[in-house]
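S.K.: predicted model, plus sequence, below.
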Number of protein chains: 2
Amino acid sequence: MKTTRNTVAKTAVLEIFGKSKTALSHAEIQKQTGDLCDRVTIYRILERLVNDDIVHKIVNLDGTVKYAKCHHHAQRVHIHNHAHFSCEKCLEITCLENVKPSYIIPHNYKVNDINFTLSGLCPNCLNSNI
Amino acid sequence: MKTTRNTVAKTAVLEIFGKSKTALSHAEIQKQTGDLCDRVTIYRILERLVNDDIVHKIVNLDGTVKYAKCHHHAQRVHIHNHAHFSCEKCLEITCLENVKPSYIIPHNYKVNDINFTLSGLCPNCLNSNI
DNA sequence: AATATTATCGCAACAATGTTGCAATTAAAA
DNA sequence: TTTTAATTGCAACATTGTTGCGATAATATT
């Protein structure tokens, strides 16, 4: 029963997530933490946060990996089945907590996780795109 | 109006896709082509095939990138909105052409592409997992 | 408060994946 | 056959992610 600790770096990362409205990549987090900690440490913090269901991982079609804070809690097991929107112009990725896919899959598959990412133009860029 | 050419390497890659029932990664293709061509060439072939809608790109939750042949044709613009299943055990990724997500997204978003990947256990591994 | 335990960190080294520029090659059009 | 330009190989580089291990520090224990 590994206990998880609250370290300076982890707290800083969580605070950054708190302030951000969009999903963040490892590189973006590193830029914001400056030289507070090592690059590897951030990888490990993210790994822990994902395991603890505090943050979820998002993979975009272009291969970009980002992370966002989970907005649901108190659930033993939860699947992040909401959609993520990836804007091709501003490159921001946002959680669409209310958009959830419904689908029918043959019963001989066991689904443990879902990645549902939509890409295109976000409301902001759609407007400024006249 | 860049025309696309049929080269030895491209033909070989297409043949490999034809024979494979699952999606293939760059590394897997490289292994199968042997020393027929350079590593970079394969990247560029895949890029072209994706642009020409002959192959589609699949990004898994673990960051793995794979490619699979498109099984629909004669459509001007087509979105690969079918699901992909990624087995956590055998690591194979297969297209579930018949599984398509339905969802409702606010109208101020413009969707150009979709990535819908389910991960878990495929029928094979689910059986041998007793 | 002091000590023990062990999760976490920093560093270095490595591996995988993907990108770019440019000269040489070659498929396809003329 | 000649011309055109798409494609290739090579080399060099960038990014992203991983691993081992000794040092550090958060938390539990005494």
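M.R.: Yep, that arrived.

S.K.: residues in contact with A:T94?
M.R.: Applying C-beta atoms under 8 Å, 6 or more residues apart in numbering or on different chains to A:T94 gives the contacts A:K21, A:T22, A:A23, A:H84, A:F85, A:C87, A:C122. (C-beta placed from N, C-alpha, C; glycine too.)

S.K.: SS state for it?
M.R.: Put simply, A:T94 is strand when judged by DSSP: H, G, I helix; E, B strand; the rest coil.

S.K.: before we move on, what about A:L14?
M.R.: Applying three-state DSSP: A:L14 is helix.

S.K.: hmm, it is touching A:D52, no?
M.R.: No: using C-beta atoms under 8 Å as the test, A:L14 is too far from A:D52 to be in contact (10.9 Å).

S.K.: who has more neighbours, the two?
M.R.: Comparing A:L14 with A:D52 by other C-beta atoms under 10 Å in any protein chain shown, the one with more neighbours is A:L14, at 16 against 10.

S.K.: distance of that one from chain B?
M.R.: Going from A:L14 to chain B by C-beta to the nearest C-beta, to the nearest Å gives 22 Å.

S.K.: out of the contacts of A:T94, which is nearest to DNA strand C?
M.R.: Comparing those against DNA strand C with C-beta to the nearest atom of the strand places A:C87 closest, at 18.1 Å.

S.K.: now the closest one. Nearest residue, chain neighbours left out?
M.R.: A:C122 (3.9 Å; C-beta to C-beta, 6 or more residues apart in numbering or on different chains).

S.K.: how about A:V13?
M.R.: Closest residue to A:V13 in three dimensions, ignoring its sequence neighbours and counting by C-beta to C-beta, 6+ apart: A:I45, at 5.2 Å.

S.K.: try A:G120
M.R.: Leaving aside its chain neighbours, A:G120 sits nearest to B:N112 (4.0 Å; criterion: C-beta to C-beta, 6+ apart).
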